[in-house]
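> The sequence and its predicted three-dimensional model are supplied below.
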Amino acid sequence: MSKKLVAYFSVSGVTAKVAQEIAAVEGADCFEIRPETPYTAADLDWRNPASRSTVEMKDLNCRPALAGSVQNMGDYGVVFVGFPIWWGREPSAVDTFLTAYDFGGKRIVPFCTSGGSDIGETAQRIQALVGEHACVDAGKRLGGEVSEADLKIWTEGLQL
């Protein structure tokens with residue numbers, strides 16, 4: 001059985017909570033994907049076309065710098081990648097994380113948190129970012145309140 005990692009990006013704490021619950025259910029390590037420059041409330045104002053998050057999300061090649069890194073990525077065979085859905089996809093900070101490592105031979109299990117938006121075509125975007133030598137699952141949208149029992153049912157169904 002290979003080691004598992006839950007890497008997550010969270011601004012409000014919702015995704016962090018779900019990620020920590022998945023890590024507990026799976027006996028996985030946790031890594032927070034943090035931007036080098038934290039987001040402010042003004043940066044996250046989706047109604048402002050000049051806000052940092054809006055500008056980043058309009059540029060599919062945007063790769064904001066991250067603080068910290070996974071020192072032993074080679075030890076992991078399964079990597080859960082969690083994030084809130086922004087503008088119908090994963091945030092640019094997640095793209096930075098996904099392009100920073102060699103995921104060849106690894107299984108990536110995306111999950112998102114959202115009040116209503118689905119995970120959409122995020123798995124296809126992630127596959128394009130990590131390359132054909134990684135296996136990317138379709139992923140799942142999880143609400144902010146998800147029970148341990150529901151997480152176990154989901155992860156057991158993944159047959160990791």
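Good, I have the coordinates.
> Quick one: the helices in this protein, in order.
14-26, 52-58, 92-99, 122-130, 148-158 (DSSP state H).
> Report the central residue of the chain.
Note on the chain: the residue nearest the mean C-alpha position is residue 82, at 2.8 Å, using Cα atoms, centre = their mean.
> correct me, but it touches residue 9?
Yes. With contact defined as Cβ atoms under 8 Å, residue 82 reaches residue 9; the gap is 7.1 Å. Heads up, the C-betas are built off the backbone N, CA and C, glycines and all.
> if we can go back for a sec, kindly reformat the helices of the chain as JSON lines containing mean pLDDT, distance to residue 75 and mean neighbour count.
Conversion of the helices of the chain to JSON lines gives the following (pLDDT from 0 to 100; distance: least, Cβ to Cβ, whole Å; neighbours: other Cβ atoms under 10 Å):
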{"stretch": "helix 14-26", "mean pLDDT": "95", "distance to residue 75": "15", "mean neighbour count": "20"}
{"stretch": "helix 52-58", "mean pLDDT": "89", "distance to residue 75": "30", "mean neighbour count": "17"}
{"stretch": "helix 92-99", "mean pLDDT": "97", "distance to residue 75": "16", "mean neighbour count": "22"}
{"stretch": "helix 122-130", "mean pLDDT": "96", "distance to residue 75": "17", "mean neighbour count": "18"}
{"stretch": "helix 148-158", "mean pLDDT": "91", "distance to residue 75": "19", "mean neighbour count": "13"}
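> Let me have those helices in CSV, extended by distance to residue 76.
Below are the helices of the chain laid out as CSV (distance: least, Cβ to Cβ, whole Å):
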stretch, distance to residue 76
helix 14-26, 12
helix 52-58, 27
helix 92-99, 13
helix 122-130, 13
helix 148-158, 15
